[in-house]
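**Q** Starting from these lines, generate the structure:
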Amino acid sequence: MKAIYKRELRAYFNSMTGWVFAAALSVFIGIYFTAYNLMAGYTYFSYALNATLIVFMALVPVLTMRSLAEERRSKTDQLLFTAPVSLTGVVLGKYFAMLTVLAAPVALACVCPLIIRMNGTAHFKADYASLLAYFLLAAAEIALGLLVSSLTESQVIAAVGTFCLLLALYLWDGLVSLMPTSASGSLAGLAIALLAVCLLLNALSGSWKLTASVLVLGAAALGGFYLWDSSAFAGLLPDVLGRFSLLDAFNNFAVGHVFDIPGLLLYLSLIALLVFLTVQVLQKRRWN
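**A** I've put the predicted structure just below:
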């Protein structure tokens, strides 16, 4: 894993990708820091961080698009499959290299609360907690981009796919508000979600028996609970989906100034899941 990490990190900074990502993110953080904190006089640096989240929709696809797609296009992925390192080590090496690129501008941003303190009141606990959430949110988005890159050999498709998924995440709260709140609507929505999970499981495992078992058990559980107490399904779909809002978790830090432990667990769980799925995609390709 260490060799993969060093190779990827060297590749990012020998090309323009790593420099562009770090420079662009630093510039946007600096612009909003100047506008919000130095000129407008806000004492919370977290407001500036919140304003820069939209930039990740453009920067993350640029950083992640070549991570695995280029290996597949150039056929060098076969070397990774036969290398004396596990596929988990390969994926983690690439992922940690991208996190290192991300860590550079975030570390630079850690100076901003100190500048605020030199000019007046600062809120170190709230701001540094927001920086932690900011890093983990971006790390989750990078893990998503890594997964998309593993599914294609085209960097363009990987970038566009990552952008579309990030757009959906940023519109998540609005999309959830459009979900049906009736009991029957929630049942239908959860059934569709179950079907999507089963399709993903079948794509990763290739076992239709396992997929069919999960589908039957899940459908039976949903149907049984609905017949037992259908009123409990009223508003259940938007409530369940709303708990997966990445931006809402960050807003608890940046706007509400609350150390949201469930939000941090959501980010870490999502990162672990996406990295695991990436490993499974490569594992399936190796044996095929």
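
**Q** what's the neighbour count on the closest residue to residue 43 other than its chain neighbours?
**A** Spatially, and ignoring its direct neighbours in sequence, residue 43 is nearest to residue 121 (4.8 Å; C-beta to C-beta, 6 or more residues apart in numbering). From N, CA and C alone the C-beta is placed, and that goes for glycine too. Close neighbours of residue 121, defined as other C-beta atoms under 10 Å, add up to 8.

**Q** Repeat that for the one 5 residues further on.
**A** One way to gauge burial is a neighbour count; for residue 126, by other C-beta under 10 Å, it gives 20.

**Q** Could you do residue 253 as well?
**A** Neighbour tally, residue 253, other C-beta under 10 Å: 26.

**Q** that older thread, and the residue nearest to residue 43, helix, strand or coil?
**A** Assigned with DSSP: H, G, I helix; E, B strand; the rest coil, residue 121 falls in the coil class.

**Q** Let's see the pLDDT reported for it.
**A** With respect to pLDDT, residue 121 scores 87.

**Q** And for residue 170?
**A** 90.

**Q** That one against residue 54, yeah?
**A** Yes - counting by C-beta atoms under 8 Å, residue 170 touches residue 54, with 7.0 Å between them.

**Q** Comparing those two, which shows the higher neighbour count?
**A** Shown here are residue 170 and residue 54; by other C-beta under 10 Å, residue 170 has more neighbours (16 against 11).

**Q** Buried residues of the helix or strand hosting residue 88, list them for me.
**A** Using DSSP states H and E, residue 88 maps to helix 87-109. Neighbour counts over helix 87-109 (16 or more other C-beta atoms under 10 Å) mark 87, 89-102, 104-106, 109 as buried.

**Q** again, but for stretch 40-57
**A** Neighbour-count burial for stretch 40-57 [16+ other C-beta under 10 Å]: 43-53, 55-57.

**Q** Next: stretch 183-199.
**A** By neighbour count on 16+ other C-beta under 10 Å, the buried set for stretch 183-199 is 183, 185, 186, 187, 189, 190, 191, 194, 198.

**Q** mind listing what's buried in stretch 219-236?
**A** Under the neighbour-count rule (16+ other C-beta under 10 Å), stretch 219-236 has 222, 226, 233, 235, 236 buried.

**Q** Looking at those residues, which are in helices?
**A** Judged by DSSP state H, the subset of those located in helices is 222, 226, 236.

**Q** dump the residue contacts of the first one.
**A** If a contact means C-beta atoms under 8 Å, 6 or more residues apart in numbering, then residue 222 has 187, 190, 191, 194 as its contacts.

**Q** Show me the helices in the stretch 101-250 of the chain, by range?
**A** 112-119, 124-150, 155-170, 172-177, 183-205, 208-228, 236-242, 246-254 (DSSP state H, counting those that start in this stretch).
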